[in-house]
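1. Sharing a sequence plus its predicted fold:
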Amino acid sequence: MTRAMHNPALMLLNDSPRLPLIAALAVRFAAIVTKWERQRRSRINLSKLDDRLLEDVGLTRHQANREIHRRFWQD
């Protein structure tokens, strides 16, 4: 699993040298859940695009459907 954190507040907390173990785990968990929620919302929004808009972003309907049906935890 990659450790990509895009939220600056979460990155600042995680980089703290004195962060207790339980807090570090909580920060990582929050980052993972945030990523999952972002992926879920992106796939929902992708499902609402018509073929013309999909073409604008460079996707076919088949590619979009494949992405839409992925689970929220899948990259």
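-> Perfect, thanks for sending it. Residues are numbered from 1 along each chain as shown.

2. low-scoring stretches of the protein, by residue?
-> Scanning the chain for pLDDT under 70 picks out 1-7, 9-17.

3. make it 50
-> The model of the chain has pLDDT under 50 over residues 1-3.

4. Name the residues of the longest helix belonging to it that are buried.
-> Taking DSSP state H as the assignment, the helix of the chain that covers the most residues is helix 21-47. The neighbour-count check on helix 21-47 (16 or more other Cβ atoms under 10 Å) flags Val27, Arg28, Ala30, Ala31, Ile32, Lys35, Gln39, Arg43, Leu46 as buried. For the C-beta atoms, the positions are set from N, CA and C on the backbone; glycine is no exception.

5. The residue most central in space within the chain and Arg41: what is the separation?
-> The centroid of the chain falls nearest to Lys35 when counting by Cα atoms, centre = their mean (3.1 Å). Using Cβ to Cβ, to the nearest Å, Lys35 is found at 11 Å from Arg41.

6. how near is the residue of the chain lying at maximal distance from its centre to Gly58?
-> Centroid-distance maximum for the chain: Arg18 at 27.5 Å, with Cα atoms, centre = their mean. Shown here: Arg18 relative to Gly58, a distance of 46 Å by Cβ to Cβ.
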